[in-house]
Structure formats: structure tokens, C-alpha cells
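J.: Kindly generate the corresponding structure for this input.
(2 chains)
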Amino acid sequence: MKGDGYINIRLNFKGILINKNNKVYINIYDKNNCLVCCKETSKPYLDVCLNKCSIYKIVICYHGYKIVRTIYINQCIFNIYFNYITNTSNRKSGPITFNLVDYNYNLPIERGILNFEQTSNNN
Amino acid sequence: MNKQVIITNGVGTADLINGTYTVTSNTIGYDNTSINPSSLTVVDGTNSYNLTISATGTLTLHVTEDGTSSGTPVVGATFVRTDSGGTTYGSTITTDSNGDAVFDNVPFASTDAPLIYYKQTASDGDHEFNSAVQNTSLTTSTSTIEVTNAPGVSRTINLTDANYENLPIQAGTLTLNNN
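T.: Prediction:
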């Protein structure tokens, strides 16, 4: 443990074969994009100590694949499904359309502002 | 991580990573606590999300023959909400025995209140009406607008025999359908 505010978390890598010949390389960046951890592992998991209630960007390399995930440290175990992630979560976040209508009239709202505050990251 | 999405004519776009978000609204004229859903999970493969919001104002359209608060009420006139282009939304409302048709749950605000569009779709059959799209805005939670539906003017219909010029038809009935 590093001290107050830090917790040990485990990143589980699912869906890939990991051994001494098939290692996973992990870089972890804080919210200011500063590198806080650079490790490799031949195990299907990695234990790291990170600041609770903080957001980190995790970059995982495996056989030429580069995966980028953003996680919010609110739990101790994060399962990362590699096959799923290589197909989807390595993408840049795409444009998402939000439709806002009047509940009683189904009438499109002419002017408004929606605020989205991220509370957790999907794993 | 916070993102702000500007909504224009019911649609806004933003780049959002997967995750669960708390949604809050800043929509003038509406009850921002009614935003639904207030928690939204963005997932892969779904790039369009629908949200609703509601308002608490009341707009009364008071229909009389002369457009005054004390005029003879017109019963059975119908109205509907529209957008600025005239596309209709929601249910039709009908004037009651007092000549009142009431739109509930409409937006209001003391400043920059959004425009409320509506149009009259019918009168009672004996009065004229304006079917053009109208608009107003509410600066208080309730408001009444006076609407004129003047009585139809008496018209003379002449019916003659087509083969004998100017020969009046002695007795007959014509039915006129208003299209």
C-alpha cells in the first residue's frame, strides 16, 4: 500500500493466452496523462496500487494489439475482455446522438443543454 | 469526466466513451429535475439515446365570437401543438362550454421563455377560424390567450336549370361539405 487514498486493484485479462512467451505490457496514466505505472506480466492479471476515486487511462499491448481503457477506481477488480476490447474499445469515442423531447407532447426541445458526468466506466 | 451537449431542435451530439453518466439538464422553461433518464449507460454499438423532459405551465386558449374575455364562447373548437414548421405533436384539445381549450405541461420562464407553437384545426362548424401556426411564450406558469372565431356570414345560393337559362329550381336540397 502506498498510503491513505490508495487501494490495491487487480486487472484481469480475459480471452487471451498469457505466459512467458505471450506477455502483456501495461502502461497506466493518471488524469493528467502522466505515466504512473509501466509493467509487463506473463500472468493473466496484474496487481497495482492506485488512488481511490481517481480516473486512470490504461494502455495494454499484446501481440501488436494496443488497447486503451479509462477506468474509475471505485472497485478492486477490473475484468478486461481482450477479444471484446480489441474489436470495440480501442476505437476513438465516436459521436453519439442524444434526442431530447417533451415528455408530454413528444415534441423536440428547441434549445437546451445536457450535462453528462461520468460516474463509472464499463468493464 | 464531464461533457456538455447542446440540444438544438431536439438533437445534440457528443463524443462519449463507454460508461455510466449522471445526466443533468439546463433547459429554459422546463422542469430540469424531470430529465429522464437521469443516469445513462453508454455502451458499444449504441450511438443514439433518447431522453425526455417535461414542463409545468398551463396555456389556455379562450375562443369567443369576438375575441374578448366576455364574448360568446365557441364550443368544440380544436387545437394542437406544433413545431415552427407546423408538424403536429401530442393530442388535440377542444374548447369546453366556457370556450376554453387548455394545454397543460407547457414551458414557461421569466426570461428567454421558449416559444410555444400551436394551430387551430377546426371550429364548431358555424364559425370561421385561422388555421395558421401561431406562437406565444409564457413568462408565468399560467396564461390565457383570447382567440376569435367569428360567426359564419349568411350566404345566398342560387340553383337554376342547366338547360333552361335562369330557370330557378322550385324545390331542392344542396349539401355542402367543407373540405
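J.: can you map out the strands along the chain?
T.: I went with chain A, as the question did not name one. Ranges of strands in chain A, per DSSP state E, are A:6-14, A:24-29, A:35-41, A:45-51, A:55-62, A:65-72, A:77-81, A:95-102, A:111-120.
J.: switch to chain B, that's the one I care about
T.: Using DSSP E, strands in chain B cover B:2-8, B:11-15, B:19-25, B:31-36, B:39-42, B:48-54, B:57-64, B:78-82, B:88-94, B:100-106, B:116-122, B:134-136, B:142-148.
J.: Dump these into a markdown table; add distance to residue B:174 as well.
T.: All C-beta atoms are positioned from the backbone trio N, CA, C, and that covers glycine. Formatted as a markdown table, these follow (distance: least, Cβ to Cβ, whole Å):
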| stretch | distance to residue B:174 |
| --- | --- |
| strand B:2-8 | 52 |
| strand B:11-15 | 51 |
| strand B:19-25 | 57 |
| strand B:31-36 | 53 |
| strand B:39-42 | 61 |
| strand B:48-54 | 49 |
| strand B:57-64 | 29 |
| strand B:78-82 | 26 |
| strand B:88-94 | 29 |
| strand B:100-106 | 32 |
| strand B:116-122 | 22 |
| strand B:134-136 | 34 |
| strand B:142-148 | 29 |
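J.: Would you format these as JSON lines with mean neighbour count included?
T.: Shown next, in JSON lines, are these (neighbours: other Cβ atoms under 10 Å in any protein chain shown):
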{"stretch": "strand B:2-8", "mean neighbour count": "16"}
{"stretch": "strand B:11-15", "mean neighbour count": "16"}
{"stretch": "strand B:19-25", "mean neighbour count": "19"}
{"stretch": "strand B:31-36", "mean neighbour count": "16"}
{"stretch": "strand B:39-42", "mean neighbour count": "16"}
{"stretch": "strand B:48-54", "mean neighbour count": "17"}
{"stretch": "strand B:57-64", "mean neighbour count": "22"}
{"stretch": "strand B:78-82", "mean neighbour count": "20"}
{"stretch": "strand B:88-94", "mean neighbour count": "16"}
{"stretch": "strand B:100-106", "mean neighbour count": "20"}
{"stretch": "strand B:116-122", "mean neighbour count": "20"}
{"stretch": "strand B:134-136", "mean neighbour count": "14"}
{"stretch": "strand B:142-148", "mean neighbour count": "16"}
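J.: nearest to residue B:128, of those?
T.: strand B:142-148 (8.4 Å; Cβ to Cβ).
J.: Quick check: closest non-adjacent residue to residue A:50.
T.: The spatial neighbour of residue A:50 that comes closest, neighbours along the chain excluded (Cβ to Cβ, 6 or more residues apart in numbering or on different chains), is residue A:73 at 5.1 Å.
J.: Please pull out the lowest mean pLDDT helix or strand from chain A.
T.: helix A:82-87 (a mean of 46; mean pLDDT, DSSP states H and E).
J.: want to throw the strands of chain B into TSV with mean pLDDT and distance to chain A?
T.: Converted to TSV, the strands of chain B look like this (pLDDT from 0 to 100; distance: least, Cβ to the nearest Cβ, whole Å):
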stretch	mean pLDDT	distance to chain A
strand B:2-8	91	4
strand B:11-15	91	5
strand B:19-25	93	4
strand B:31-36	97	7
strand B:39-42	91	6
strand B:48-54	96	4
strand B:57-64	98	11
strand B:78-82	98	5
strand B:88-94	96	4
strand B:100-106	98	4
strand B:116-122	97	9
strand B:134-136	98	11
strand B:142-148	98	16
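J.: burial of the residue in chain A that chain B sits nearest to, as a residue count?
T.: Here chain A gets closest to chain B at one residue, residue A:108, 2.4 Å apart by Cβ to the nearest Cβ. Neighbourhood size, residue A:108 [other Cβ atoms under 10 Å in any protein chain shown]: 18.
J.: In this structure it contacts residue B:8, no?
T.: No - contact between residue A:108 and residue B:8 fails when scored by Cβ atoms under 8 Å: they sit 9.1 Å apart.
J.: got the buried residues for stretch A:41-52?
T.: Across stretch A:41-52, burial judged by 16 or more other Cβ atoms under 10 Å in any protein chain shown covers A:44-46, A:48, A:50-51.
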